[in-house]
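In: Make a model of this:
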Amino acid sequence: MNLKSEVFLSVVAYSLCSGTLVLLNKLTLHHLPYPSLVVSFQLLAALIFIYGAKHTGRLQVDALEWQYVLPYLFYILLFSVGVFCNMKSLSMSNVETVIVFRALSPCIVAFLDVLFLGREYPSLQSWTGLSLIALGAYGYASFDAQFQTQGLAAYAWPGLYLFIISLEMAYGKRIIQSVNLKTLSGPVLYTNLLGLPPMLMFAAMGHEYRSFVYDHMVEQKPVGGVAVSLLLLGCAAGTGIGYAGWWCRGNVSAT
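Out: Next comes the predicted model:
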């Protein structure tokens with residue numbers, strides 16, 4: 001596969017997985033309102049896939065090494081907080097708002113690319129594209145009923161999500177350049193394995209364990225087949241975006 005085709009496929013794969021996961025998570029939270037537990041389940045599913053594929057000889061995976069863990073710690077902090085903000089945004093806003101804020105990230109990453117990666121500022125053509133993105137976001141906010149009634153408070157979680165994910169994208173590109181992992185599964189493994197403890201901690205801080213036990217043990221609310229199906233589909237999309245995200249970072253700039 002030539003470089004041009006690989007870049008195109010990686011971008012398409014990431015875009016599809018990203019949009020699909022946002023929609024699935026929104027639907028899942030409607031049935032299972034435990035954002036951090038849902039993400040923890042997705043991270044665990046990705047780990048099961050990676051180790052299962054490794055032990056059956058289907059995938060080569062980098063071994064865990066302390067020298068590689070340290071550079072990933074700051075990224076994991078950004079990743080965990082970003083995912084948490086994403087799920088809180090989906091819980092309190094509609095899918096369109098989250099997608100619009102995520103689409104704005106290249107406007108911030110364009111500057112972070114220069115600071116973190118030593119890149120040049122975008123070309124005039126790129127600035128034109130970024131300006132159109134910003135203009136589209138402004139147009140969306142102008143007609144968003146939630147923004148009209150609540151003001152800037154309606155965009156608190158999406159705004160925080162935008163800031164964190166922009167840092168995550170830029171720093172993730174820096175890791176690709178500085179950490180010499182041999183396989184694509186390597187960064188996916190490190191991200192999911194190191195990201196699981198913080199998500200479990202967020203679940204505890206949000207009293208999600210207690211809420212789950214109360215809802216399904218005391219209130220005896222059933223976990224229906226639809227909820228389980230959405231959760232499993234979200235796990236597949238979550239694993240997919242893990243691979244597509246790092247594949248994309250290896251091929252294109254953070255913007």
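
In: Report the distance from stretch 10-23 to the chain centre.
Out: Distance of stretch 10-23 from the chain centroid (CA atoms, centre = their mean, to the nearest Å) equals 10 Å.

In: Tell me how far Asp144 lies from Leu23.
Out: 18 Å (CB to CB, to the nearest Å). Using the backbone N, CA and C atoms, a C-beta is placed for each residue, glycine as well.

In: Check Gln146 too.
Out: Counting by CB to CB - Gln146 and Leu23 are separated by 18 Å.

In: Of those two, which one has the most company?
Out: Leu23 (18 against 15; other CB atoms under 10 Å).

In: measure that one to Val11 for me?
Out: Leu23 sits 19 Å away from Val11, going by CB to CB.

In: is it true that Glu120 touches Phe111?
Out: No: assessed by CB atoms under 8 Å, Glu120 is found out of contact with Phe111, at 11.8 Å.

In: For Arg210, give me the pLDDT.
Out: At Arg210, the model reports a pLDDT of 94.

In: and it, what helix or strand is that in?
Out: Using DSSP states H and E, Arg210 maps to helix 208-213.

In: which residues touch that helix?
Out: With contacts defined as CB atoms under 8 Å, 6 or more residues apart in numbering, helix 208-213 is touched by Pro33, Tyr34, Pro35, Ser36, Leu37, Ala203.

In: same question, stretch 151-167
Out: Contacts to stretch 151-167, defined as CB under 8 Å, 6+ apart, come from residues 78, 81-82, 85-86, 88-89, 92-93, 97-98, 100-102, 104-105, 108-109, 112, 141, 144, 146-147.
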